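S.K.: here are the coordinates; sequence isn't available:
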Ligand SMILES: Nc1nc2c(ncn2[C@@H]2O[C@H](COP(=O)(O)OP(=O)(O)OP(=O)(O)O)[C@@H](O)[C@H]2O)c(=O)[nH]1
Ligand SMILES: [Mg+2]
């Protein structure tokens, strides 16, 4: 089983709430505030694990949640922060935001990691709110609550060279002759069902070669198997286009060449523009060697063409020498550009004022923010809330809409009469 694309759900931990507590001293009716802060929630971190080669571990486990920070408590005791959740992934994992498909991380190498979701900050305990004029604050801050996000993990094999061609033309045979890979080889279509990777070591040079399932016409529209796997060659630097020059299945080799190139072009311009070396395979089956020159005469002279027999190893060495020569001139694979990921996609500066019968209602993300981390259970925190509302500029905006003394103002689940 080979899994190279999965959708998972992740949630960082919520921040713990700050505590409301007071020192209890004998004979002192009201000790000072000593409610501690809440702890931070755990982060969600992706890290490359060298022992993984595909995403099969995500087949059943698709939900990852970090623990919440603990609440603060009396005696200025801080709540414990939660541990981060580390999610191991194979090298070559691209992480996207499922909502808009933006690339959020490109984890190419062992050691790469990305902290995609930050745990919520703990709320401040009431001890932090004591001021000379408010010596016994009876409110605290709630921890920041985090949201759940969906990510798409996509494995893009990191190979220098990709083998492409129709099914059954000998791609896996070639890979097995030049690398340590031992792919299945058989005389039928779609023997290869998942990409095979091999390391080629030759002439003191080493590179990675990938064999993907055979492409057929229509692969980019989902016919056959190829399309799904084309992304595995999207990051190669060079393609070996394998063609059955003997036409052993009755197709015209040159037409095969055009078909496959059309497939590539309709899938991705970048792949279609990769440099190619052509391997005319199965020359041992050729009665008439003129087919080789026929083919060469039809294609542009700057594309290198090698006539080989992967089965008997004939011509394979020269082909590999050319591959190495070419690789030395090509730039290394670069990381994908990563989009900025705003963990909380809410726009807290956003709100709307609605006129009601006897006053106003304010709705929008800004309200959530203002309400979100204040415990509104008593007069004092209410006063604190109103102060924050003033600071936020909403009161000024309400005044512009005609707010007057005594008007009823609704904010989410709370309601107050406006007083100057
Ligand atoms: N005569 C001859 N047969 C070959 C040569 N190369 C491969 N074959 C045979 O062609 C058949 C297909 O070879 P594979 O390497 O499995 O072909 P593939 O392109 O990987 O095929 P898919 O994985 O199905 O796309 C097998 O029976 C091979 O033994 C060659 O140079 N000469
Ligand atoms: Mg194969």
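M.R.: Everything's here; your move. Values in this document were obtained by computation on a predicted structure and should not be read as measured data. Numbering: from 1, shown residues only. Ligands and ions are numbered 1, 2, ... in the order given.

S.K.: What ranges does the stretch 101-250 of the chain have for its strands?
M.R.: 103-107, 113-117, 148-155, 161-164, 196-202, 205-211, 238-244 (DSSP state E, counting those that start in this stretch).

S.K.: in the following helix or strand past the last one, what's buried?
M.R.: Where DSSP states H and E defines the elements, the next helix or strand beyond strand 238-244 is helix 253-267. For helix 253-267, the neighbour count (16 or more other C-beta atoms under 10 Å) marks 253, 254, 256, 257, 259, 260, 262, 263, 264, 267 as buried. From N, CA and C alone the C-beta is placed, and that goes for glycine too.

S.K.: what do you get for stretch 285-304?
M.R.: Per 16+ other C-beta under 10 Å, stretch 285-304 contains these buried residues: 286, 291, 292, 295, 304.

S.K.: Deepest-packed of the strands of the stretch 101-250 of the chain, please.
M.R.: Comparing the strands of the stretch 101-250 of the chain by mean neighbour count (mean count of other C-beta atoms under 10 Å), strand 161-164 ranks first with a mean of 28.

S.K.: Distance from the chain centre to the helix or strand encompassing residue 96, please.
M.R.: Applying DSSP H and E as the criterion places residue 96 in strand 93-97. Distance of strand 93-97 from its chain centroid, counting by C-alpha atoms, centre = their mean, to the nearest Å, is 2 Å.

S.K.: Same question for stretch 243-255.
M.R.: Per C-alpha atoms, centre = their mean, the centroid offset for stretch 243-255 relative to its chain is 40 Å.

S.K.: Now do it: everything it contacts.
M.R.: Contacts with stretch 243-255, where a contact means C-beta atoms under 8 Å, 6 or more residues apart in numbering, come from 165-166, 168-170, 256-257, 278-283, 285-286, 291-292, 294-295, 298-299, 307.

S.K.: so residue 153 touches residue 10, yeah?
M.R.: No: in terms of C-beta atoms under 8 Å, residue 153 does not count as a neighbour of residue 10; the distance is 10.4 Å.

S.K.: ok so, going back, any chance of the buried residues of stretch 285-304 in TSV, plus distance to ligand 1 and secondary structure?
M.R.: Listed next are the buried residues of stretch 285-304 as TSV, based on distance: C-beta to the nearest ligand atom, whole Å; DSSP: H, G, I helix; E, B strand; the rest coil:
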residue	distance to ligand 1	secondary structure
286	10	coil
291	14	helix
292	13	helix
295	16	helix
304	18	coil
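
S.K.: May I see those residues arranged in CSV, with distance to ligand 2 and pLDDT as well?
M.R.: Shown next, in CSV, are the buried residues of stretch 285-304 (distance: C-beta to the ion, whole Å; pLDDT from 0 to 100):
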residue, distance to ligand 2, pLDDT
286, 21, 94
291, 23, 95
292, 23, 96
295, 22, 97
304, 23, 96
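
S.K.: for those residues, which one is nearest residue 16?
M.R.: Distance ranking of those against residue 16, using C-beta to C-beta, places residue 304 first at 63.7 Å.

S.K.: I'd guess residue 339 is in a helix, am I close?
M.R.: No: per DSSP: H, G, I helix; E, B strand; the rest coil, residue 339 lies outside any helix segment and is coil.

S.K.: now it: how far from ligand 1?
M.R.: Distance, residue 339 to ligand 1, by C-beta to the nearest ligand atom, to the nearest Å: 35 Å.

S.K.: check contacts around residue 203.
M.R.: 321, 324.

S.K.: Would you mind listing what in the chain touches ligand 2?
M.R.: Contacts of the chain with ligand 2, taken as C-beta under 5 Å from the ion, map to 172, 191, 192.

S.K.: filter those down to the ones near ligand 1?
M.R.: 172, 191, 192 (C-beta under 6 Å from any ligand atom).
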